[in-house]
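1. Predicted model follows, preceded by the sequence.
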Amino acid sequence: MKTTRTYCAYGLTVRSEIPLPELPEIAGEAADVDVDVVYGEDAAWTAKFHDRAEEIEIRADGARFWFVAVGGFAVQDGARITAYPKAGVSDELLRLYVEGMLFAMLLHQRGMCVLHASVIEIEGESVALMGHVGAGKSSLAGTLYTRGHRVLADDNAAIGVSGGTPTVTPAFPYVKLFPAIASTLGFRNGSLRTLHASIPKMAGSVAKGFTAAPSPLSRIYLLGRDHPPAIRQLSPLESTLELIRNAVPTRWGHSGDGRQLLHCGAVARQVPMFTLRTFTDLGGLPEVARTLEQHCRSQFVAR
């Protein structure tokens with residue numbers, strides 16, 4: 001009999017056969033479960049992908065993922081993640097995919113705009129840090145956390161648009177940091193967790209002040225090393241294009257649908273987006289954090 005644990009993340013109750021230690025655990029039996037994470041028994045569908053290193057198949061009846069070193073996964077109805085691991089693949093490795101890409105697809109299926117972004121709270125306002133892989137989203141979020149700001153999400157930002165005002169649903173209280181950055185920021189061993197031997201980053205706890213309450217999204221900063229030094233506000237059209245590039249599923253190179261376009265357009269119309277030149281070395285992190293804080297505060301005062 002498989003052991004299950006119950007967690008909460010993104011406002012959902014998650015019952016999982018795979019341990020998900022970064023997610024807050026719920027003691028006892030939950031009366032209502034929103035998401036099940038289970039092991040599958042029939043992996044026949046993975047045969048057509050075996051000659052490929054990686055494959056994502058998004059269909060009306062669900063999404064399938066294949067990673068040659070790990071195995072297959074299926075995400076259905078925004079309510080079920082099924083893992084079909086290769087022999088010998090550990091739970092520790094599986095959980096990285098569940099907490100990352102698979103949750104992103106599940107949230108997309110549930111009608112959310114899922115951005116490749118971290119979200120922090122400054123002066124009571126939720127701010128998304130969006131950008132490509134390596135842009136420094138998690139590092140900047142971790143830096144801002146050590147400067148007294150809450151972290152609401154790391155890497156996957158779930159934005160609800162159905163209520164009119166784009167709203168962030170907090171994820172779980174961890175950020176992924178390279179050990180050198182975690183040490184520089186003052187994260188202690190007790191607040192760090194090894195993700196997997198193959199992963200250079202570690203999970204840093206940002207539990208202080210973490211809240212599961214949804215929060216209106218006030219602004220988005222697009223991180224990049226090629227941006228000009230001065231922060232610039234993007235037009236609604238520019239913002240829409242950047243949101244599409246950085247949202248599921250187009251961020252994975254797959255076509256989105258009309259709903260995704262509508263969601264990105266709604267966010268672009270209501271939430272201002274700015275460029276922010278990111279850091280090029282560890283010494284530049286505090287200055288980028290200060291620049292962001294000052295810009296946010298000046299904008300909040302101006303409103």
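-> Nice, thanks for sending it over.

2. okay, Lys48: pLDDT?
-> You'll see Lys48 listed with a pLDDT of 87.

3. Can you give me the neighbour number for it?
-> 12 (other Cβ atoms under 10 Å). For glycine as for every other residue, the C-beta is placed from the backbone atoms N, C-alpha and C.

4. Then Gly134?
-> Gly134 sits with 10 neighbouring residues when counted by other Cβ under 10 Å.

5. and what of Thr280?
-> Count around Thr280 with other Cβ under 10 Å applied: 11.

6. Mind checking what secondary structure it has?
-> Local secondary structure at Thr280 is given as coil here, using DSSP: H, G, I helix; E, B strand; the rest coil.

7. wait, it sits on His227?
-> No - in this structure, Thr280 is not within contact of His227 by Cβ atoms under 8 Å, at 11.9 Å.

8. Hmm, Ser118 and Asp154 touching each other?
-> Yes - Asp154 lies in contact with Ser118 (Cβ under 8 Å); the separation is 4.8 Å.

9. what residues do the two have in common as contacts?
-> By Cβ atoms under 8 Å, 6 or more residues apart in numbering, Asp154 and Ser118 have these common neighbours: Lys137, Ser138, Ala141, Val175.

10. tell me how far the ends of stretch 186-202 are from each other?
-> 14 Å (Cα to Cα, to the nearest Å).

11. Return the set of buried residues in that stretch.
-> Phe187, Ser191, Leu192, Leu195, Lys201, Met202 (16 or more other Cβ atoms under 10 Å).

12. what does stretch 235-246 give?
-> Quick answer for stretch 235-246 (16+ other Cβ under 10 Å): Ser239, Thr240, Glu242, Leu243, Ile244, Asn246.

13. Just the element for Ile181, please.
-> Here Ile181, judged by DSSP states H and E, is contained in helix 179-185.

14. Mean confidence (pLDDT) on that helix, please.
-> Averaging pLDDT along helix 179-185 yields 91.

15. Leaving out chain neighbours, which residue sits closest to His254?
-> Nearest residue to His254, sequence neighbours excluded (Cβ to Cβ, 6 or more residues apart in numbering): Ile58, at 5.7 Å.

16. Over to Ala212?
-> Spatial nearest neighbour of Ala212, excluding adjacent residues (Cβ to Cβ, 6+ apart): Pro170 at 5.4 Å.

17. Distance of the one you found relative to Ile120?
-> Shown here: Pro170 relative to Ile120, a distance of 11 Å by Cβ to Cβ, to the nearest Å.
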